[in-house]
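Chemist: Let's see this in three dimensions:
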Amino acid sequence: KQSVLHHGHHGRQLERSTILWEQAPPDLRRSLAAPARLSSSKSRAAHRPRTVPSPPTEGSFLSLETRNLSMGRAGAGIIAFGLAMACVLLALPGCEGFYLPGVAPQDFALGDIIQPRVGRVSSAKTHIPFDYYELPLCDPEGRPKDAPANLGEILSADRYHSAPFQVHALVNETCTLMCELSSSKEDQQLRQALIMDAYNVRIRMDNMPAMFLDAKPSQNQVTLQTEVKIEAPKENGYPLGSVRIREGRRTLVLHNHFTLWIEYHQVKAPTAEDKSVRARIISVYVTASSYDSSEKSTWRENCEKASDSPFQTGTEPQLVKKPTRMTYSVRWVHVHNRWATRWDHILAMDSYEHETNWSSLINTILLLLLLGFLVAVILLRAVKNDFATLRELDGDDLDLDDNSNVAWKKLARDVFRQPRRLFVLSVLYGNGCQLLSMITIQMLFALLGFYSPSNRGSFLTYSVVGYAFMAVVGGRSSSKLFGSFPDELARRKLVLATATVIPGVVFGTFFTINLVLWSLGSSGATPFLTLLFLMFLWFGVTLPLTFLGSYLGFKTPYEYPIRPTKIPRLVPEKSCLMSLPALASFSGLILYSMMFIQVFQIVQKLWLHQFVYMFGFLFLSGTFFIIGCIEITIIAVYLTLCYEDYNWWWRAFLVPASSGLFMFIGTVTYQSMLTAELFENVQFVTMWMMTSYLGMSCLAVSLIAGSVGLWSSMWFVKAIYSRCKPD
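Modeler: Reported below is the predicted structural model:
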């Protein structure tokens, strides 16, 4: 009683309640105890005798006060949430919508000056771009203004500058003189080399690329929209020149005249009170032609003829070796298309691409269903039957030295033995998880529409930055695997290797390509300051976050249900069909067949400098690819265990990772065939550079597939061996 009195107010309440309870008559005690008996379960009431409840204790009052306090806090939280929602609803009328960076519409009035931009002069044949103002072409008045560029635009050499001409909104122009080209021998030879290698000049206006049309609408006597539907232009920029056959000889012709066809949507129509017009640019197309501009007295007449019909002008074309005048024309065409849909005609797939993508997805789904059927019927039923056999032989206690025919059960004391070259496996596993997390986040943002084609380079920018910040995932994954086995000495080396080995290989390859481009004088060479920024991301962000992830991973390593013995058991010989090369070849070919259509389309579009915007198909193909990796790896690991081979760790990684090797072989072969079909005398530097880029991409695919296969195999092996109880 004295110990209760020391609890203050609650003690006094407890003492008062205890006295009142003792003084109460027995009938009152029974009536008060009835609700407590009714609230108990029926099962307890049936087996437990009736007893008078004990007096209230201090804990009951404390729990009651705590319950009241928690209910008060919950009520206060509900009230605060309701007030916050009310404030948000009241603030909604004053809110305004926003546009993502680089995609806001811009209105132009009649006569407004619009400054086009010129970008790199590039070729699908060489893939060695040059800056427009580094070539003997038109120079601007004064110093050109550089357009703002993000990290992705700099890495892809997609930088733009102010063009050497201006356009007036809603004003047509014909044969406006832009400049006179230099007639020096060196400049003429350089222009000849550019024409031979099929270089294109890229132009942008209001952040829209000028897509090339082979023929003007006036030639076919159709409207511009009809011509666009007929050609479905995919080529960005107009060709600098062409090779024509004249008198049985190949002659280099310079395209010294281009016409900009600008489609606009009228936002504000003129009225009786206000005659002003407001318009938005919907799309831009460009056509190129050649005419003889060497004579000062006849160049304008020839230009007007070329402006009407670009191919059958009746005038001589402009030869590279003659004096050249560069001219341009502008045609404004009114359309009723909405501004929000102005990228649809560029990013839309044709019927052939739609059919091939959907047929590929259907074939992939059927293949996944077949693999899933194998996993569900053959694998899971076999495991279930194995456990049934074990229960019949040994009951609930499983003996490791029995002579049963359950082969995988005999490996219970060896299946979680430390794999060979655990250090290398952990590094590869961590980098694969890091890549997978980065790509998953990127695809989710892409599906939500955050990566507009108007905001150029954003996807590549956030991919590089996202990979650097996802280093915490890579460090945690590699350390969880490595820390599950007793090896304390190599932990610091593991952290450094996870953050430097794979990124070092990629950066070394990229730096070598950059040196080659720099030696060729190409604008594709990354500037020195950008390289310093990449080094900062590597050592200033990736390395510290890898240390943080490794710290978290070593604290919570993977746990295994069975501890291995000190002496490993012998592994019996297997047939050649169960060898690692056979399993990797079969599995890699199946996984590669799931997404080779999408891979070929991406390689083709990137090689031809076309826009790639197929995130929906890529997301579905990637998801099916991950599911296929999981299914086929589980089948391969189970077959390995059935042959009493406990060395499943590297097989779980290499079997799905072999798909990257098949992808590399397939893409390089397709690239060679595409190059031989479209171009002649392709340089070795171009093939080596593109092969290096394909190799780095396929390495990323192998790391992702291997990490998914290893993680799913660890889950599967722990699931089936957690039910075993070896002595």
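Chemist: in this protein, which segments are predicted with low confidence?
Modeler: Low-confidence segments of the chain, defined by pLDDT under 70: 1-103, 216-222, 270-275, 308-314, 378-406, 488, 724-727.
Chemist: by contact count, what packs against the helix ranked longest in it?
Modeler: Ordering each helix of the chain by length in residues (DSSP state H) puts helix 684-721 first. Judged by 3 or more Cβ pairs under 8 Å, 6 or more residues apart in numbering; DSSP states H and E, helix 684-721 is in contact with helix 422-447, helix 491-519, helix 615-642, helix 649-678. For glycine as for every other residue, the C-beta is placed from the backbone atoms N, C-alpha and C.
Chemist: in the shortest one, what counts as buried?
Modeler: Within helix 422-447, the residues that qualify as buried are 422, 425-440, 442-443, 445-446, counting by 16 or more other Cβ atoms under 10 Å.
Chemist: related to what we said a few turns ago, now the longest helix of the chain against helix 422-447, angle please.
Modeler: With axes from the mean of the first three to the mean of the last three Cα atoms, to 10 degrees defining the directions, helix 684-721 sits at 100 degrees from helix 422-447.
Chemist: So what's the gap between helix 684-721 and the chain middle?
Modeler: Between the centre of helix 684-721 and the centre of its chain there are 15 Å (Cα atoms, centre = their mean, to the nearest Å).
Chemist: Just want the angle from that helix to helix 491-519.
Modeler: Using the same axes, to 10 degrees, the direction of helix 684-721 lies 160 degrees away from that of helix 491-519.
Chemist: May I see the buried residues of helix 684-721?
Modeler: 685-686, 689-690, 693-695, 697-714, 716-718, 720-721.
Chemist: So Ala288 is in contact with Pro239, correct?
Modeler: Yes. The criterion here is Cβ atoms under 8 Å, and Ala288 meets it with Pro239 at 6.2 Å.
Chemist: shared neighbours of those two, anything?
Modeler: Both Ala288 and Pro239 are in contact with 212, 255, where contact means Cβ atoms under 8 Å, 6 or more residues apart in numbering.
Chemist: which one of those two has more residues nearby?
Modeler: A count of neighbours by other Cβ atoms under 10 Å puts Ala288 above the other of Ala288 and Pro239, at 25 against 18.
Chemist: was I right about Gly666 contacting Val603?
Modeler: No. Using Cβ under 8 Å, Gly666 is not in contact with Val603, being 9.3 Å away.
Chemist: Tell me who's in contact with Leu537.
Modeler: Counted by Cβ under 8 Å, 6+ apart, Leu537 has contacts 464-465, 468.
Chemist: among those residues, who's most crowded?
Modeler: Counting by other Cβ under 10 Å, top hit in the contacts of Leu537: Ala468 with 20 neighbours.
Chemist: How much space separates the nearest residue to Ile346 once chain neighbours are set aside from Leu515?
Modeler: Nearest residue to Ile346, sequence neighbours excluded (Cβ to Cβ, 6 or more residues apart in numbering): Phe611, at 5.8 Å. Distance, Phe611 to Leu515, by Cβ to Cβ, to the nearest Å: 29 Å.
Chemist: Okay, and which of the contacts of Leu537 map to helices?
Modeler: Secondary structure from DSSP H places 464-465, 468 of the contacts of Leu537 in helices.
Chemist: coming back round to it: does the residue nearest to Ile346 count as helix, strand or coil?
Modeler: Counting by DSSP: H, G, I helix; E, B strand; the rest coil, the backbone at Phe611 sits in coil.
Chemist: Give the buried residues for stretch 320-331.
Modeler: Buried residues in stretch 320-331, counting neighbours by 16+ other Cβ under 10 Å, are found at 320, 322-331.
Chemist: oh sorry, the question was meant for stretch 187-194
Modeler: 188, 190-191, 194.
Chemist: ditto for stretch 638-652
Modeler: Buried-residue list, stretch 638-652, by 16+ other Cβ under 10 Å: 638-641, 644-646, 648-652.
Chemist: Just the CA atoms of it, as PDB, please.
Modeler: Output of stretch 638-652 as PDB, limited to C-alpha atoms (Å, rounded to 0.1, in the frame of the first residue of the first chain):
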ATOM      1  CA  TYR A 638      16.900 -25.700 -59.600                       C
ATOM      2  CA  LEU A 639      18.400 -27.900 -62.300                       C
ATOM      3  CA  THR A 640      21.900 -27.200 -60.900                       C
ATOM      4  CA  LEU A 641      20.800 -28.200 -57.400                       C
ATOM      5  CA  CYS A 642      19.200 -31.400 -58.700                       C
ATOM      6  CA  TYR A 643      22.600 -32.400 -60.100                       C
ATOM      7  CA  GLU A 644      24.000 -32.000 -56.500                       C
ATOM      8  CA  ASP A 645      26.000 -29.000 -57.500                       C
ATOM      9  CA  TYR A 646      26.000 -26.300 -54.800                       C
ATOM     10  CA  ASN A 647      28.000 -23.800 -57.000                       C
ATOM     11  CA  TRP A 648      24.900 -21.900 -58.000                       C
ATOM     12  CA  TRP A 649      26.000 -18.300 -57.200                       C
ATOM     13  CA  TRP A 650      27.900 -17.500 -60.400                       C
ATOM     14  CA  ARG A 651      25.400 -19.400 -62.500                       C
ATOM     15  CA  ALA A 652      22.500 -17.300 -61.100                       C
END
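Chemist: Which residues does it contact?
Modeler: Taking Cβ under 8 Å, 6+ apart as the rule, stretch 638-652 contacts 379, 382-383, 407-408, 410-411, 414-415, 417, 419-421, 425, 568-569, 571-572, 574, 578, 580, 583, 633, 636-637, 709-710, 712-714, 716-717.
Chemist: Just the buried residues out of those, in PyMOL syntax.
Modeler: Typed into PyMOL, the line below selects the buried ones among these, using 16+ other Cβ under 10 Å:
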select buried, resi 379+383+408+410+411+414+415+417+419+425+578+580+583+633+636+637+709+710+712+713+714+716+717
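Chemist: Next, the distance between the ends of stretch 443-463.
Modeler: End-to-end distance for stretch 443-463, by Cα to Cα, to the nearest Å: 10 Å.
Chemist: Same question for stretch 321-338.
Modeler: 45 Å.
Chemist: Likewise for stretch 675-692?
Modeler: Using Cα to Cα, first and last residues of stretch 675-692 are 16 Å apart.
Chemist: before we move on, what SS does Arg159 have?
Modeler: Following three-state DSSP, Arg159 is assigned to coil.
Chemist: From Ser122, how far off is it?
Modeler: Using Cβ to Cβ, Arg159 is found at 12 Å from Ser122.
Chemist: Compare those two (neighbour count), which wins?
Modeler: Between Arg159 and Ser122, Ser122 has the larger neighbour count (other Cβ under 10 Å), namely 24 against 21.
Chemist: partners of that one in the sheet?
Modeler: Counting by DSSP bridges, Ser122 is bridged to Asn200.
Chemist: my guess is it contacts Leu135, does it?
Modeler: No. With contact defined as Cβ under 8 Å, Ser122 and Leu135 do not form a contacting pair (11.5 Å).
Chemist: picking that back up, which one of the buried residues of stretch 638-652 is nearest to Ala340?
Modeler: Ala652 (47.4 Å; Cβ to Cβ).
Chemist: Not counting its neighbours along the chain, what's nearest that closest one?
Modeler: Once flanking residues are discounted, Ala652 sits nearest to Ser713: 3.5 Å by Cβ to Cβ, 6+ apart.
Chemist: what's the spacing between the one you found and Leu639?
Modeler: From Ser713 across to Leu639, the span is 12 Å (Cβ to Cβ).
Chemist: Please apply the same query to Trp343.
Modeler: According to Cβ to Cβ, Trp343 stands 49 Å off from Leu639.
Chemist: likewise Pro572?
Modeler: 14 Å.
Chemist: Then Ala376?
Modeler: Taking Cβ to Cβ, one finds Ala376 at 16 Å from Leu639.
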